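K.L.:
Sequence first, then the predicted structure, then my questions.
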Amino acid sequence: ADLFDGIVMAEQRFHGEGYQEGLAEGSHAGMAEGRRYGALQGARISSEVGCYLGFALTWHCLLQKCTDEKNSKKIKALDSLIGMIQKFPYGDPTYDKLQEDLEKIRGKFKQVCSMLNIQSDFRIGTERSSLTF
């Protein structure tokens with residue numbers, strides 16, 4: 001009876017072993033793919049936010065030379081954008097309001113561009129590494 005039991009139950013045993021091996025291998029591959037995807041998305045967000053910061057700091061320096069009322073409003077908007085970027089949680093990938101804060105930064109950037117009469121079309125080139133405004 002034990003000999004036939006081993007033969008009859010072999011399919012079920014091999015199915016269970018195969019399932020466990022596949023689960024372990026899939027989990028490992030999923031973690032590696034998740035890390036690569038996370039690193040790529042983090043780099044894109046950092047590149048975008050870094051570009052906004054460079055833009056804001058440059059315009060802030062350029063506008064400080066002029067002291068009229070129009071420029072003071074622009075400088076206040078730039079200060080607000082710079083402050084938002086400096087508070088952005090770069091080191092915390094689990095921050096639950098990351099997308100919300102990123103959208104606020106994008107909105108403030110568009111507002112500043114509008115005030116400066118500059119097109120606010122931020123793109124990262126797909127064929128080559130370039131930023132376009």
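P.N.:
Right, received. Where do you want to start?
K.L.:
switch to C-alpha atoms for all contacts and neighbour counts from now on
P.N.:
Will do.
K.L.:
show me what contacts the residue nearest the centre of the chain?
P.N.:
By C-alpha atoms, centre = their mean, the chain has its centre lying nearest to residue 45, at 3.5 Å. For residue 45, no contacting residues are found, by C-alpha atoms under 8 Å, 6 or more residues apart in numbering.
K.L.:
any low-confidence regions in this structure?
P.N.:
1-2, 122-133 (pLDDT under 70).
K.L.:
50 instead?
P.N.:
126-128 (pLDDT under 50).
K.L.:
For it, just list every one of the strands.
P.N.:
123-124, 131-132 (DSSP state E).
K.L.:
Number of residues surrounding residue 73?
P.N.:
13 (other C-alpha atoms under 10 Å).
K.L.:
top helix in the chain by residue count?
P.N.:
In the chain, taking DSSP state H as the definition, the longest helix is helix 10-63.
K.L.:
thought residue 113 was touching residue 106?
P.N.:
No - with contact defined as C-alpha atoms under 8 Å, residue 113 does not count as touching residue 106 (10.5 Å).
K.L.:
Next, work out how far apart the residue lying closest to residue 114 once chain neighbours are set aside and residue 81 are.
P.N.:
Leaving aside its chain neighbours, residue 114 sits nearest to residue 120 (7.7 Å; criterion: C-alpha to C-alpha, 6 or more residues apart in numbering). Separation of residue 120 from residue 81 (C-alpha to C-alpha, to the nearest Å): 14 Å.
K.L.:
any residues in contact with both of those two?
P.N.:
Common neighbours of residue 120 and residue 81 (C-alpha under 8 Å, 6+ apart) are residue 109.
K.L.:
neighbour count winner among those two?
P.N.:
Using other C-alpha under 10 Å as the criterion, residue 120 and residue 81 rank with residue 81 on top: 23 against 15.
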